[in-house]
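Undergrad: Build me a model:
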Amino acid sequence: MVFLLYLYIVDTYNIKLSQLKDICKISYRSKSGGEYYQRESNSGSIKKIKKFVLNLYNTSDTSKVILFPTPIIIALDPSYGLDIEELDNNVDFDSINSKLYIQKIFENSKIFEINISTDLKELFLIVDGQHRFLALKEIIEINNTFDIELNVMILIDYTIYEKAKVFTNVKENQKSVNKSLVYDIFGTLTEQEPDIYRICYLLIKQLHNTVLDGQIKFLAKGSGVISQAFMTETFKEILEKSNHGLYSDIYKDYNGIKDLIEYIEKNIFGLEEYFKFIKNKYFPYWPKPKREYLKIKKDELTLNCNTIQHDSEEYYKILKKIKTLNKEIDKIDNNFYTGYFYKDILLKTTGMYALLKISDFLFSKERYIIAIRNKESIQSLLIDDFKNIDGKEFFSKDSLYSKGTGKGQQNTLYCDLLKNIQKKDFIS
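TA: Numbering: from 1, shown residues only. Got it, this is the predicted structure:
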């Protein structure tokens, strides 16, 4: 078999698991803005695949088994910096010596070779198929006779952006993928011309690092009460539709900006001021750190403990719960937030959507535009505009707007907030 890989054109090949397992590595995105694009591997998914594979091979004619109809996609890790030597003859896949030879034909028609042996560990990155790869690797490490051939697609000369595009295209067309991961990928690929996803990412990151400290859940994991995906989609909607004021200025004027991060930091002043006001005015409905919720739960249990007979079974059960809570309180970070305990809606999807839409409405007003451009405080303007908006009525867990979710409820809250602000304008 000869591997002829024209620039940006790939093919699929059958490669034995024993030859593949040591030359591939997983490259997951451990934090927002990270170098790679895969999500962290899921042990539950790996176990399911192992069970499926072993059951299939134990009950079927293995010569007729088609294990996975779609290929595992791998790509050369550019960090290796391999030497490429010019060749005058064809090369192919040497399965006996566990060597993989890849030809690349460039525009100048020169033929090059990359000689990849299993002596070079972790030479490839898994672009798609990490759970299949890890499950099969676990099986062969226990049973080395399980040396099956796998359908593998190899990417050569693909940039991180192009590999990410392959990954997300596969995920979006083949099965669902975490939206926060997709938006994080396209928000942080700086080699491309800035686009709306990059703008959204930097807006979200700046708010997350300042006034919304810890409230946005990046990559759908860790601290936060509202997802990066939701924030991206809401900002995208507002930026595309806004035709005057802060959002319009940010989106329409970014082309040609060399330092986009500095540009966003400079132009986000009004939005930071806005959320500072929201936090101060509606603080009872602002999320508390998980640690505080756990302390409240512990205090409730302690109070309950004092009303129960001390030698009863229930008493010892409560003591055990208090002990468990104390351990969790001691190890958890002070700035770790979670939506699990947060029942109010101020920073949940319903409240956040309405607040961001209201910010677009307000920041299109001339009085705000003048104040923001002069870096003046907009607190007095906000105090006046929100004077008819009661936190308990609109943002508490007992409000009418907490009874449902979805776009309809988000728009209802936005419209009702807008009516109250416009009522103030009409009266004045």
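
Undergrad: Listing request: residues of the stretch 1-150 of the chain with sub-threshold pLDDT.
TA: Where the stretch 1-150 of the chain drops to pLDDT under 70, the residues are 1-13, 27-40, 59-67, 69, 76-122.

Undergrad: same thing but at 80, please
TA: 1-15, 19, 22-23, 25-42, 55-70, 74-125, 127-128 (pLDDT under 80).

Undergrad: Low-confidence stretches in the stretch 151-300 of the chain?
TA: For the stretch 151-300 of the chain (pLDDT under 80), the answer is 151, 153-195, 219-222, 252-260.

Undergrad: Give me the residues contacting the lengthiest helix in the chain.
TA: Longest helix of the chain, by residue count under DSSP state H: helix 407-427. Applying Cβ atoms under 8 Å, 6 or more residues apart in numbering, the external contacts of helix 407-427 come out as 345, 349-351, 353-354, 357-358, 361-362, 384-389, 394, 401, 403. Every residue, glycine included, has its C-beta placed from N, CA and C.

Undergrad: Now list the buried members of these.
TA: Among these, those scoring as buried are 345, 349-351, 353-354, 357-358, 361-362, 385-386, 389, 394, 401 (criterion: 16 or more other Cβ atoms under 10 Å).

Undergrad: Would you check which pair of the residues you listed lies furthest apart?
TA: Within those, two members stand farthest from each other by Cβ to Cβ: T349 and D385, at 22.7 Å.

Undergrad: ok, E237 - contacts?
TA: So E237 contacts nothing (Cβ under 8 Å, 6+ apart).

Undergrad: Enumerate the positions of the helix or strand hosting it that are buried.
TA: E237 is located in helix 228-241, with elements delineated by DSSP states H and E. For helix 228-241, the neighbour count (16+ other Cβ under 10 Å) marks Q228, A229, F230, M231, T232, T234, F235, K236, I238, L239 as buried.

Undergrad: what do you get for stretch 389-397?
TA: Those buried within stretch 389-397 under the rule 16+ other Cβ under 10 Å are I389, G391, F394, F395, S396.

Undergrad: Identify, from those residues, the entry nearest to D128.
TA: F395 (41.7 Å).

Undergrad: what about K51, how many neighbours?
TA: Neighbourhood size, K51 [other Cβ atoms under 10 Å]: 11.

Undergrad: Look up how far Y57 lies from it.
TA: 11 Å (Cβ to Cβ, to the nearest Å).

Undergrad: and if you look at K47?
TA: Counting by Cβ to Cβ, the gap from K47 to Y57 is 16 Å.

Undergrad: Please apply the same query to L202.
TA: Distance from L202 to Y57, by Cβ to Cβ: 49 Å.

Undergrad: what about the two, which has more around it?
TA: Legend: neighbour count by other Cβ under 10 Å for L202 and Y57, higher for L202 (21 against 15).

Undergrad: Name the next helix or strand downstream of the helix or strand containing that one, please.
TA: L202 belongs to helix 196-209 when assigned by DSSP H and E. Per DSSP H and E, the first helix or strand lying C-terminal to helix 196-209 is strand 216-217.

Undergrad: That next one packs against which elements?
TA: Using 3 or more Cβ pairs under 8 Å, 6 or more residues apart in numbering; DSSP states H and E as the contact test, the elements touching strand 216-217 are helix 196-209, strand 226-227, helix 228-241.

Undergrad: Right, I'll leave it there.
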